[in-house]
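S.K.: Below: sequence and its predicted model.
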Amino acid sequence: MPTKKQREANRRAFKKMNTKEKISYVFAYYKLPIFTAFAVTAFIISLIVYNVIKKDPVLYTAYANIEVSDTLNQLLTDGYIETSGKNSKRQEVLVYRDLYITDDETGADHDYAYASKMKIIGAISAKQLDVVLMNKGAYDLMSSSGFLLDLEASKEINPQFYQTMSPYFEKNNVIVSDNSVEYSLNQADTYESVTEDFSNGVNVSSFAPFRNAGFDGEVYAGIIATTKHIDEAFSFIAWLPDAEAAGTEQ
């Protein structure tokens, strides 16, 4: 640490410098604290901006094996937020688009299907997937994998949802137990499974947003069994029959 005499000498020398010399001196001797101050300031500003503009997801949805137009996607995300009375500046529906899953391991899209499956499993594990809109093939796979909620439970959880939506419930196979591990390790000659039928899908094909959207075949909605937004998931699906009309009112 410089002595008082040295500091006074430095101040006198600094006063005699021209502007360019002063800038060079300050940068040479104080660049680390200056850089640190700038870095801290930038971090604080970015944190403030992030917290001001970031939105809280009220629901995570996904489109599996169906191609959803930008217009329909906007209705199913922003439209739901707006028509359900939420704050569009602070809340949002996050969606995983263009997912494709299949059990055909020889197809040309096998790598893409594998990546989509891993994305779905990862999202489910992170509890960042609540509702899936899908075609029949994806519905069969999601159901057999045990990913979907048995909607008969809504009779107790949300009676209004059950009363309104149960006419559109669909039953599908769920693998209750199997010997897939033994079979994959060549410890069993044949694959065997025990399945049961559960009402784990809602046929939304006749609902306003999907009726004339040009989908090839039926479209189903399923709720992920481990969702942490179950009330919102029920609300979202119950909103779908009149979604298009609600969206045009805004």
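M.R.: Thanks, I have it.

S.K.: going forward, measure contacts between C-alpha atoms and count neighbours the same way
M.R.: Will do.

S.K.: which residue sits closest to residue 155 in space, ignoring its chain neighbours?
M.R.: The shortest distance from residue 155 to any non-neighbouring residue, by Cα to Cα, 6 or more residues apart in numbering, is to residue 162 (5.3 Å).

S.K.: Can you name the residues that contact the one you found?
M.R.: By Cα atoms under 8 Å, 6 or more residues apart in numbering, the residues touching residue 162 are 151-152, 154-155.

S.K.: Which stretches in this protein count as strands?
M.R.: Listed in chain order, the strands found in the chain under DSSP state E are 56-64, 91-99, 131-134, 169-178, 193-203, 220-223.

S.K.: so for the fifth one, what's the average pLDDT?
M.R.: What it means is strand 193-203. Mean pLDDT, taken over the full extent of strand 193-203, equals 90.

S.K.: about what we covered before: residue 222: which of the contacts of residue 162 is nearest?
M.R.: residue 151 (8.7 Å; Cα to Cα).

S.K.: coming back round to it: residue 144 is nearest to which of the strands of the chain?
M.R.: It's strand 169-178; of these, that one is closest to residue 144 (Cα to Cα) at 4.2 Å.

S.K.: What pairs with that closest one, parallel or antiparallel?
M.R.: strand 193-203 (antiparallel) (DSSP bridges).

S.K.: can you give me the offset of the strand it pairs with from its chain's centre?
M.R.: Averaged C-alpha coordinates place strand 193-203 at 24 Å from its chain's average position (Cα atoms, centre = their mean, to the nearest Å).

S.K.: list the contacts for residue 110?
M.R.: With contacts defined as Cα under 8 Å, 6+ apart, residue 110 is in contact with 102, 104.

S.K.: Tell me where the model's unsure across this protein.
M.R.: For the chain, the stretches with pLDDT under 70 are 1-11, 13-17, 20-54, 107, 178, 183-184, 245-250.

S.K.: try it again with 50
M.R.: Counting by pLDDT under 50, the chain contains low-confidence ranges at 45, 47-52, 246-250.

S.K.: where exactly do the helices run in it?
M.R.: For the chain, applying DSSP state H gives helices covering 4-16, 19-53, 70-74, 80-83, 110-125, 136-144, 154-157, 159-165, 180-184, 208-211, 230-239, 243-248.

S.K.: mind checking how far the residue nearest to residue 155 is from residue 235?
M.R.: Distance, residue 162 to residue 235, by Cα to Cα, to the nearest Å: 11 Å.

S.K.: again, but for residue 117
M.R.: Using Cα to Cα, one gets 26 Å for the distance from residue 117 to residue 235.

S.K.: more neighbours, the two?
M.R.: More neighbours sit around residue 117 than around the other of residue 117 and residue 235, counting by other Cα atoms under 10 Å; the figures are 18 against 15.

S.K.: Since that was my last question, I'll sign off now.
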